[in-house]
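Undergrad: sequence plus the predicted model coming up.
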Amino acid sequence: MAPAKLGGRAWRDIILYGLARLILFIVLTVIIQFIAVALGMGKSFPLAISALLALIIAFPLSMFVFKGLRGRVNEEIAVWDAGRQRHKEQMRRQLEDRLD
């Protein structure tokens, strides 16, 4: 029996979660840079600093904002990993039987 494969829905959710986090990062970067420019600090506040701040904010924020999607991705990967572990154990037993 082959290990369980990630289905189309699982891949879709994984890609959606990655894209959602990327979009959140980009939106936060734009907002932070806009605030810096609006406060007159545009030249002394480089885009790299805005991106770094957005990255720091986006990590924990995405855990709360995309909680449902993250939970689905975790469940789907857990199912896939359980199937992979069963297959690995089955292959190990078959190898032991052949070596005995």
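TA: Perfect, I can see it now. Numbers count the residues shown, from 1 in each chain.
Undergrad: can you pull the pLDDT of the spatially most central residue of the chain?
TA: Geometric centre of the chain, nearest residue: residue 18, 4.9 Å, by Cα atoms, centre = their mean. Listed pLDDT for residue 18 reads 94.
Undergrad: which element follows the helix or strand where it lies toward the C-terminus?
TA: Using DSSP states H and E, residue 18 maps to helix 8-38. Following helix 8-38 in sequence order, the next helix or strand is helix 47-65 (DSSP H and E).
Undergrad: what sits up against that following helix?
TA: 20-21, 24-26, 28-29, 31-33, 36, 70 (Cβ atoms under 8 Å, 6 or more residues apart in numbering). Every residue, glycine included, has its C-beta placed from N, CA and C.
Undergrad: how far off helix 8-38 does it point, in degrees?
TA: Relative orientation of helix 47-65 versus helix 8-38 (axes from the mean of the first three to the mean of the last three Cα atoms, to 10 degrees): 130 degrees.
Undergrad: check which residues of helix 47-65 are buried.
TA: 50-51, 53-54, 57-58, 62 (16 or more other Cβ atoms under 10 Å).
Undergrad: and the contacts of helix 47-65, which of them are buried?
TA: Among those, the ones that count as buried by 16+ other Cβ under 10 Å are 21, 24-25, 28-29, 32-33, 36, 70.
Undergrad: circling back: widest-spaced pair of the contacts of helix 47-65?
TA: Using Cβ to Cβ, the two most remote members of the contacts of helix 47-65 are 36 and 70, lying 30.1 Å apart.
Undergrad: out of the buried residues of helix 47-65, who's nearest residue 91?
TA: The nearest one, if we look at the buried residues of helix 47-65 relative to residue 91 and count by Cβ to Cβ, is residue 62, at 36.8 Å.
Undergrad: in this structure, where is pLDDT below threshold?
TA: Residues of the chain meeting the criterion pLDDT under 70: 1-5.
Undergrad: sounds good, over and out.
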